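K.L.:
with the input below, show me the fold.
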Amino acid sequence: MLINPSGSNQREINQSQQDFHRVQMLHNFHKFYFIGLVEPFQHVRQINKYIRRLRMPLVKQNCNGKIWVIINSDFDVTVVRDTKQQLTLFYAKCTSEDRLMLWEDIYQMAETIDSPWLIGGNFNVVLNVNEKIGGLPVQEVNHDNFKTCIQSCDLLKMKFKCSPFTWWNGRVGNDCIFERLDKVFLNQHMRN
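P.N.:
Below you'll find the predicted structure:
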């Protein structure tokens, strides 16, 4: 939802503002304790405007401004690790090699966390064939490492109410592809 000065086009900016309005309406109804925004397509200077509109006083962001966590004052949040790919919630790179490093980071972090933990973001990979329509068929090799990481860390996938797909390539007909790339996982402590 942020303006990315290095390349967001007007369509992304407009979509980002529409998405934020929807988040704001959902928050007004549900009164979230925290809101995670991954790739908000807005400049980080705009973050104060968003927390004022949400009436949530605390915000954490990762070092490159691609992950924001907006927090209700009832939560005491400590940043355990801040890199270009993670800030409690994770943002995965598009290449399989970068994702392998992320799976290892998640696994190492899971070994040290004995408190409520939530991981979310665009992992740029599907977990099974039901999370993709169109394009090339899903190959197990493409998601096995991610699935192994999630299972090894005893993470549970959060349920959601909306379209089962979070990404569309913007095409129609035979060229159309839908995928479920955005996911949120939590450990048993967080679920409890």
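K.L.:
wait, what's in contact with the residue nearest to residue 117 when sequence neighbours are not counted?
P.N.:
Distance criterion C-beta to C-beta, 6 or more residues apart in numbering; nearest residue to residue 117, sequence neighbours excluded, is residue 187 at 4.5 Å. From N, CA and C alone the C-beta is placed, and that goes for glycine too. Counting by C-beta atoms under 8 Å, 6 or more residues apart in numbering, residue 187 touches 110, 113, 116-118, 153-156.
K.L.:
quick one: which of these is nearest residue 130?
P.N.:
residue 156 (17.6 Å; C-beta to C-beta).
K.L.:
give me phi/psi at the closest one?
P.N.:
Phi and psi for residue 156, reported as degrees, to the nearest 10, are phi -110, psi 140.
K.L.:
just give me the neighbour total for it.
P.N.:
Per other C-beta atoms under 10 Å, the neighbour tally for residue 156 reads 14.
K.L.:
which helix or strand lies directly C-terminal to the worst-scoring helix or strand of the chain on mean pLDDT?
P.N.:
Least confident helix or strand, the chain: strand 89-90 with a mean of 45, by mean pLDDT, DSSP states H and E. For strand 89-90, the following helix or strand on the C-terminal side (DSSP states H and E) is helix 96-112.
K.L.:
show me what that following helix packs onto, helices and strands only.
P.N.:
Applying 3 or more C-beta pairs under 8 Å, 6 or more residues apart in numbering; DSSP states H and E, we find helix 96-112 packed against strand 89-90, helix 140-152.
K.L.:
now do 10 Å
P.N.:
strand 86-87, strand 89-90, strand 118-122, helix 140-152 (3 or more C-beta pairs under 10 Å, 6 or more residues apart in numbering; DSSP states H and E).
K.L.:
dump the ones you listed into TSV; add mean neighbour count as well.
P.N.:
Listed next are the helices and strands packed on helix 96-112 as TSV, based on neighbours: other C-beta atoms under 10 Å:
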stretch	mean neighbour count
strand 86-87	24
strand 89-90	22
strand 118-122	20
helix 140-152	15
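K.L.:
going by mean pLDDT, which of these comes out lowest?
P.N.:
Out of the helices and strands packed on helix 96-112, strand 89-90 stands lowest, with a mean of 45 (criterion: mean pLDDT).
K.L.:
what are the ranges of the helices in this structure?
P.N.:
With DSSP state H as the criterion, the chain has helices at 10-30, 47-54, 96-112, 140-152, 188-191.
K.L.:
can you tell which of the ones you listed is closest to residue 41?
P.N.:
Residue 41 sits nearest to helix 10-30 of all those, at 4.3 Å, using C-beta to C-beta.
K.L.:
any idea how far the closest one is from the chain center?
P.N.:
Distance, stretch centre to chain centre, for helix 10-30: 15 Å (C-alpha atoms, centre = their mean, to the nearest Å).
K.L.:
quick revisit: so what's the backbone phi/psi at the residue nearest to residue 117?
P.N.:
According to degrees, to the nearest 10, residue 187 has phi -90, psi 170.
K.L.:
residue 147 versus that one, what's the distance?
P.N.:
Residue 187 is 17 Å from residue 147, where distance means C-beta to C-beta, to the nearest Å.
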